[in-house]
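K.L.:
sequence unknown, structure follows:
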């Protein structure tokens, strides 16, 4: 058995279902021979994004895998891996490496050296007979602790080396283990929550990874505490719930602004409390309870008055048990939060209604978002955004009602990331209506991978908001634009979509938005990838952007 065949067998035993890849690497044919589907992208960054999106929708139970050649293939994948690392997505990366006898020769590219800063671990398979040990270590890191990308570099001369079949047939899949928090710490924190005047819960993607939404809902209802989420944690708490505040990101609904500003105690669960442009800062003067599975997050940017180290699901169970003991059987903490949330949300939406329902042309992007919200059942969809304006315009208003029905991302927010995530999501959940919103600038980065969806029979819908300019960047391009028109960009993206074999429409009038969305869903159901290009205005107003 060749090393690449051994790796393919191990992947299969670990439940890997498909391989995202770009040649040339012998891993592609080896995995195909083992019955693992190949999805070949147009560029490596998108290929990593496909693996990333697949993994997110599966909560890491079935990891996405990306394979690429040495040199340019490994080099081009970097941005995608950086995104997965910043968003803590457990994907397996299998780059070829240069032959061992010249791998260290200048200036040959070394994945082992270059990717150390954006992976949980990198290991080079230098000894063929250690293939099972190396792969076991990789899957252990993928399945346990804080999630993140793991890389195994396969030197080109090792890939074709023979290995004893018995070595591989003895391989057993790695199991996952999780730890609860210290029971005493949880009891003390629970008393703080019960004594709080205006507590809130700040939930991150650790709740999604742990599949702990039911526990989060139960605790919120038991204590009557409103819940906000991080951008990556959007959908961890159903946003149509009476206690849902929405997402604290670069932009936010007024409910988040109002309750976070007035909160006296913040319970962070499954979040990192990282200070970042895509994360709402926590105002000073709050008592912070911070439950995370990574000790590096504790006290990182905020002092944690009550730190708890443990898995989100197990810690939430501990809080629920402690709350029931404290409150008594079948009792709940008194709270008027739901009525207050309803009032604040109604006032906020009333102020935004003119934009959300505008008849103007070019179409305001908010009208596109609003019509999408009114047309699509959020429980039947998986939605994501791209970087920049589409994210800021969509996130505050779109309500994700089921876990992983939305993929929020952005700590490392390279333009064009949403397309790969969306393709991977559709592979993981073929029955869902998978949609990504991207601007014309983002399409310029990765748009040709729409052809990947067409060619591979992955029926996604891509919505391109084309305002023919770089609107959100106008503050940074003043003189250069006045002199050289640097913000002007353009193109007919619907024509490109058609040229790549997909179904595409260009929409210029508000009344055409909903019919176009309905046709897109029908085309997806018929197995066709869809690109909808909406001609939009240069919109730069956002909901409470950078309010803290």
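P.N.:
Perfect, thanks for sending it. As the structure is a prediction and not an experimental result, all values here were calculated from the model.
K.L.:
rest of the way, CA atoms for contacts and neighbours
P.N.:
OK.
K.L.:
contact partners of stretch 483-491?
P.N.:
With contacts defined as Cα atoms under 8 Å, 6 or more residues apart in numbering, stretch 483-491 is touched by 440, 441, 466, 468, 469, 470, 471, 473, 474, 477, 480, 481.
K.L.:
now with 10 Å?
P.N.:
Residues outside stretch 483-491 that contact it (Cα atoms under 10 Å, 6 or more residues apart in numbering) are 440-441, 444, 466-474, 476-481.
K.L.:
List only buried entries from these.
P.N.:
Buried subset of the contacts of stretch 483-491 (neighbour count, 16 or more other Cα atoms under 10 Å): 440, 441, 466, 467, 468, 469, 470, 471, 472.
K.L.:
average model confidence for the lengthiest helix in the chain?
P.N.:
Longest helix of the chain, by residue count under DSSP state H: helix 337-356. Across helix 337-356, pLDDT averages out at 98.
K.L.:
Over the following helix or strand past it, what's the mean pLDDT, rounded is fine.
P.N.:
Remark: after helix 337-356, the chain's next helix or strand is helix 365-375, criterion DSSP states H and E. Averaging pLDDT along helix 365-375 yields 98.
K.L.:
go on, stretch 16-29?
P.N.:
Mean pLDDT, stretch 16-29: 96.
K.L.:
just how off-centre is it within its chain?
P.N.:
Distance, stretch centre to chain centre, for stretch 16-29: 22 Å (Cα atoms, centre = their mean, to the nearest Å).
K.L.:
Buried residues in that stretch, which are they?
P.N.:
Using 16+ other Cα under 10 Å as the test for burial, stretch 16-29 gives 16, 17, 18, 19, 20, 21, 22, 25, 26, 27, 28, 29.
K.L.:
Strands - which of these land there?
P.N.:
18, 19, 20, 21, 22 (DSSP state E).
K.L.:
biggest separation within those residues, which pair?
P.N.:
The span of those, defined through Cα to Cα, is set by 18 and 22 at 13.2 Å.
K.L.:
okay, and the common contacts of these two?
P.N.:
Contact criterion Cα under 10 Å, 6+ apart; residues bridging residue 18 and residue 22 by contacting each: 38, 39, 66.
K.L.:
Now pLDDT and secondary structure too, for the residues you listed, in JSON lines please.
P.N.:
Formatted as JSON lines, those follow (pLDDT from 0 to 100; DSSP: H, G, I helix; E, B strand; the rest coil):
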{"residue": "38", "pLDDT": "97", "secondary structure": "strand"}
{"residue": "39", "pLDDT": "98", "secondary structure": "strand"}
{"residue": "66", "pLDDT": "98", "secondary structure": "strand"}
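K.L.:
Now distance to residue 519 too, for those, in a markdown table please.
P.N.:
Listed next are those as a markdown table, based on distance: Cα to Cα, whole Å:
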| residue | distance to residue 519 |
| --- | --- |
| 38 | 29 |
| 39 | 26 |
| 66 | 33 |
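K.L.:
Need the buried ones from those residues selected in ChimeraX.
P.N.:
Under the burial definition 16+ other Cα under 10 Å, those of the shared contacts of residue 18 and residue 22 that qualify are selected in ChimeraX by:
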select :38,39,66
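K.L.:
Pick the one among the shared contacts of residue 18 and residue 22 closest to residue 275.
P.N.:
Residue 275 lies nearest to residue 66 out of the shared contacts of residue 18 and residue 22, by Cα to Cα, at 29.9 Å.
K.L.:
Mind listing the residues bridging to the closest one?
P.N.:
Bridge pairing for residue 66 (DSSP bridges) gives the partners residue 20, residue 93.
K.L.:
Check whether it really touches residue 20, as I assumed.
P.N.:
Yes - with contact defined as Cα atoms under 10 Å, residue 66 reaches residue 20; the gap is 4.8 Å.
K.L.:
which among the shared contacts of residue 18 and residue 22 gets closest to residue 175?
P.N.:
Distances from residue 175 to the shared contacts of residue 18 and residue 22, taken by Cα to Cα, are shortest for residue 66, at 21.7 Å.
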